[in-house]
Each structure stands twice: as structure tokens, then as C-alpha cells.
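> Can you look at this prediction? I've put the sequence above it.
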Amino acid sequence: MALAVGCAPWAAKHALSRGGAPAASVWVLDHGWHTAVVVRRADVDRTLWPEADEFPEATFIEVAWGDRQFYMAAAPSAWLAVQAALATRGSVLHVVGVETSLAASFPGAEIVELRVTPRGFAALTRFVADEYARDDARRSIRLARGLYGTSWFYAARSRYHVFNTCNTWVARALERAELSVTSAGTVTADGVMQQVRDVARAGLR
């Protein structure tokens with residue numbers, strides 16, 4: 001149940017970046033039990049992730065994934081958490097357009113900044129775009145307004161279960177960005193955040 005609750009909304013401290021020859025920043029937000037990925041909207045190639053244009057006023061875009069029924073519930077319950085972990089009925093992307101600074105938008109939460117290569121950033125945005133479920137015309141499917149700010153829930157493709165949580169999904173996105181993060185066995189927010197802190201520290205040496 002705790003793993004499913006981890007993909008419910010919680011509310012975003014600042015760390016430094018990875019070295020190399022970076023093209024862009026990627027931020028990982030720790031909302032308590034669940035994590036999310038943030039990118040600067042201006043860095044996104046719209047041919048890879050066209051839905052970024054649905055947030056024209058945003059400076060940043062936050063994206064997270066989870067069980068549809070639990071994530072979208074007005075009052076998530078223990079029973080919904082069990083269903084999410086064992087018998088999901090589908091998944092969703094929660095996408096937020098963030099207009100102000102991340103520190104101002106998510107006070108009190110941990111935010112770790114990572115720097116990625118052009119190829120890694122492109123792979124990450126393609127990973128996100130590939131997660132959208134699409135209709136016959138290849139359009140993404142909006143389901144409902146999101147949880148805060150300018151945000152939407154979109155139908156998603158992957159299957160949520162106890163070993164594939166919202167945090168596993170974030171770790172997989174970071175793997176695609178060619179960062180030293182492992183998704184296998186990563187199911188909690190702590191599992192994600194410990195890895196990204198290590199990546200950030202390694203970039204300072």
C-alpha cells in the first residue's frame with residue numbers, strides 16, 4: 001500500500017549539477033512518497049514531445065506517472081492503493097506547467113538538478129512522449145484537470161504494479177537520459193533520490 005500511496009500527490013531543497021559537457025538540466029522532485037521529473041520547456045524538441053506546447057505559459061514542465069484510479073481519486077483510499085499495486089485498471093501521466101521557479105513552486109521539497117548530454121535529453125523527452133496513450137489520429141488523450149497549477153492527466157501506456165511504481169518510472173526516464181541510475185529494484189522515492197544525489201555529487205568532482 002505504501003508503494004501505491006507513493007504515487008499520490010505530495011507537495012518540492014536544491015542540489016547541484018552533474019558535470020560533463022551538458023546540454024540541458026533535468027530536475028528530480030521528491031514529493032515525499034513519489035518523485036517526478038522536470039525539464040525546462042524551452043529545451044524540449046517539440047518534434048519529440050509535442051504536448052509541451054499545451055503549456056505555453058510554463059517555464060518548466062513537471063511530469064510523473066502512476067496508477068490511473070489511485071492518482072486521479074479525489075480521496076485516495078487504502079483499498080485503491082491495494083488495487084493499484086495488485087490489479088491496476090490503467091495508468092496516467094500527470095503533467096504540470098510550472099510558471100515560477102521550482103523552489104517557489106515546491107517549497108520545502110527536495111529538488112536535485114542533473115545535467116545531461118544532448119542525446120540523453122532527447123532520449124528522455126522521447127521516453128516521456130512514448131508514454132502517452134494515443135487515439136487513432138495519434139493525439140494524446142486528456143482525461144481530467146491535474147492536481148495543482150496548470151496541469152492535466154493524460155492516459156498512459158505502461159502497466160502499474162508493485163514492482164513498477166511511479167518511482168520506477170522516474171528511474172527509467174533517467175536511465176534513458178544516460179545517467180547512472182538503475183530502475184531495476186527501484187520502487188520508492190528514497191531509492192530514486194539516493195541515486196540522483198550520488199549522480200549530482202559525482203558531477204562536482
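Okay, I see it.

> Excluding chain neighbours, what is closest to residue 44?
Among residues not flanking residue 44 along the chain, residue 52 sits closest, at 4.3 Å (Cβ to Cβ, 6 or more residues apart in numbering). The way it works is simple: take the backbone N, C-alpha and C, and place the C-beta from them, glycine included.

> Hmm, residue 60 and that neighbour touching each other?
No: because the distance of 10.6 Å does not satisfy Cβ atoms under 8 Å, residue 52 is recorded as not touching residue 60.

> Between the two, which contacts overlap?
When contacts are counted by Cβ atoms under 8 Å, 6 or more residues apart in numbering, residue 52 and residue 60 are jointly contacted by residue 41.

> Which stretches in the chain count as strands?
Across the chain, reading from the start of the chain, the strands by DSSP state E fall at 24-30, 35-40, 60-67, 91-98, 110-116, 142-145, 150-156.

> Now distance to residue 192 too, for those strands, in CSV please.
Formatted as CSV, those follow (distance: least, Cβ to Cβ, whole Å):
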stretch, distance to residue 192
strand 24-30, 7
strand 35-40, 5
strand 60-67, 11
strand 91-98, 16
strand 110-116, 9
strand 142-145, 25
strand 150-156, 18
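
> Identify, out of the ones you listed, the most deeply packed stretch.
strand 60-67 (a mean of 26; mean count of other Cβ atoms under 10 Å).

> Just checking: what are the partner strands of that one?
strand 35-40 (antiparallel), strand 91-98 (antiparallel) (DSSP bridges).

> now those strands as a markdown table including mean pLDDT?
As requested, the strands paired with strand 60-67 are exported to a markdown table (pLDDT from 0 to 100):
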| stretch | mean pLDDT |
| --- | --- |
| strand 35-40 | 98 |
| strand 91-98 | 97 |
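
> so which of those gets nearest residue 141?
Between residue 141 and these, the shortest gap by Cβ to Cβ is with strand 91-98, which sits at 9.8 Å.

> starting at the chain centroid, how far to the closest one?
Here strand 91-98 is found 8 Å from its chain centre; the criterion is Cα atoms, centre = their mean, to the nearest Å.

> As a check, name the ranges of all helices in this protein.
According to DSSP state H, the chain carries its helices in the segments 2-5, 68-72, 78-86, 102-105, 118-131, 166-176, 189-202.

> Mean neighbour count, these: which tops it?
The highest mean neighbour count among the helices of the chain, using mean count of other Cβ under 10 Å, belongs to helix 166-176: a mean of 26.

> residues in contact with that helix?
The list of residues contacting helix 166-176 from outside it, by Cβ under 8 Å, 6+ apart, reads 6-7, 26, 28, 34-37, 64-66, 114, 120, 123-124, 126-128, 131, 158, 160, 181-183, 186-189, 191-192, 195-196.

> Run the angle between it and strand 35-40 for me.
Note on geometry: by axes from the mean of the first three to the mean of the last three Cα atoms, to 10 degrees, helix 166-176 and strand 35-40 are set 40 degrees apart in direction.

> Could you list the low-pLDDT ranges of the protein?
In the prediction, the chain carries residues with pLDDT under 70 at positions 1-22, 73-89, 204-205.
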